[in-house]
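Asker: Model the following, please.
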Amino acid sequence: MALKGFASFAIRKAIAAIITIFAIVCVNFLIFRMVPGDPIRMMFRDPRITAEQMQLVREKFGLDKPLWEQFNCYLTELFQGNLGISFWQKRPVLEVIADRIPQTLLLVVTALAIAVILGTILGAIAGWKTGTKIDSFILGISLTLYSVPTFCMGIIFLLIFAFQLAIFPLGGISTAASGLTGFGYWKDVLWHMFLPAISIVLWYGGEYVLLTRSSMQDASGQDYITTARAKGLKESAVLRNHALRNALLPVVTITGVNLAFAVAGIIEAETVFSWPGVGRLVYDAVMKRDYPLLQGTFLVFAVAVVLANLVVDLIYGYIDPRIKVGKSE
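Answerer: Numbering: from 1, shown residues only. As a prediction, the model looks like this:
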């Protein structure tokens, strides 16, 4: 009965995800055609280009067809795994995106892992010590960091540590024409990655502190915590083995969703620090009015978010029977 209930729950969630993705595809197609500017004119800024030549390019990319025909062609190509050809780079969109994904994963996965660890530890301490000076200090710092946008924090770091003090590089992923290889190359990459990673860590870390603190406050008032203390267990054991384990459930949920958004590129951080990832690719595609590339990147982002939510829902539905129990049961 339980397995049947979970199967029904999983099917409902999967159908909802499919409907959501189709709606995203429709919006994704229309929204970029509402952006002002002519993509063909952006491709050819040379005044010597004639109107006839520009019309030939429009016909090549199918921009001369009615909107419904473009949409029909878009769906057909999409089901075949083809996201189109980039106006700007003259290459398949999937190939362009694939070239940037490793750089984005290196930055955001590293930063998110550090943010989860630090934020969870500090949030657990603050939640367990509610009302104390250490709780007030951690809470104040976290609220401040969480309220400052990533791009604003990045600009401040650039001005202080890269421009004024010249400790870190201004941007990029490595030193141009350095000829470094092996360990020296990766050391250079990590040095370039420090400031963008820290700006992401501080913002997400503040979020995880607030979330873990709230969860710890809820967990600390439960009956099983009182029972554990009545058994004579040390406070550290109660915190580690009882309160923290239950408080981590919301953290796991938000981590799954944040990872999907993180794969989307952290556009602000990558743009500010000129990090050559997917986020920077989106910014460049907007400037170039590259419709296929924008559609492809945002579709990848949206599908990642939907799938991450689906996985989290299924995990929660499997762990907690109360979530999947419906009227039929």
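
Asker: tell me which element Gln55 is part of?
Answerer: Using DSSP states H and E, Gln55 sits within helix 51-61.

Asker: low pLDDT regions in the stretch 51-200 of the chain?
Answerer: By pLDDT under 70, the weakly predicted segments of the stretch 51-200 of the chain are 60-62.

Asker: Apply 80 and report the result again.
Answerer: Across the stretch 51-200 of the chain, the ranges flagged by pLDDT under 80 are 51-68, 70, 74, 77, 81, 87, 176-181.

Asker: follow-up on the earlier one: the helix holding Gln55: what's the following helix or strand?
Answerer: Toward the C-terminus, helix 51-61 is succeeded by helix 67-79 as the next helix or strand (DSSP H and E).

Asker: Can I get that following helix in PDB, CA atoms only?
Answerer: Provided in PDB are the C-alpha atoms of helix 67-79 (Å, rounded to 0.1, in the frame of the first residue of the first chain):
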ATOM      1  CA  LEU A  67       6.000  33.700 -35.300                       C
ATOM      2  CA  TRP A  68       3.900  30.500 -35.200                       C
ATOM      3  CA  GLU A  69       6.100  28.900 -37.900                       C
ATOM      4  CA  GLN A  70       9.200  29.800 -35.900                       C
ATOM      5  CA  PHE A  71       7.700  28.200 -32.800                       C
ATOM      6  CA  ASN A  72       6.800  25.000 -34.700                       C
ATOM      7  CA  CYS A  73      10.300  24.800 -36.100                       C
ATOM      8  CA  TYR A  74      11.700  25.500 -32.600                       C
ATOM      9  CA  LEU A  75       9.600  22.600 -31.000                       C
ATOM     10  CA  THR A  76      10.600  20.200 -33.800                       C
ATOM     11  CA  GLU A  77      14.300  20.900 -33.400                       C
ATOM     12  CA  LEU A  78      14.000  20.800 -29.600                       C
ATOM     13  CA  PHE A  79      12.500  17.300 -29.600                       C
END
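
Asker: Give me the distance between that helix and the centre of its chain.
Answerer: 27 Å (C-alpha atoms, centre = their mean, to the nearest Å).

Asker: In it, which residues are buried?
Answerer: Gln70, Phe71, Tyr74, Leu78 (16 or more other C-beta atoms under 10 Å). Every residue, glycine included, has its C-beta placed from N, CA and C.

Asker: what helix or strand does the residue lying closest to the second one once chain neighbours are set aside sit in?
Answerer: Which is Phe71. Once flanking residues are discounted, Phe71 sits nearest to Phe29: 5.5 Å by C-beta to C-beta, 6 or more residues apart in numbering. Using DSSP H and E, Phe29 sits in helix 2-31.

Asker: Please identify the buried residues of that helix?
Answerer: Neighbour-count burial for helix 2-31 [16+ other C-beta under 10 Å]: Gly5, Phe6, Phe9, Ala10, Lys13, Ala17, Thr20, Ile21, Ile24, Val25, Asn28, Phe29.

Asker: Having no further points to raise, I will conclude here.
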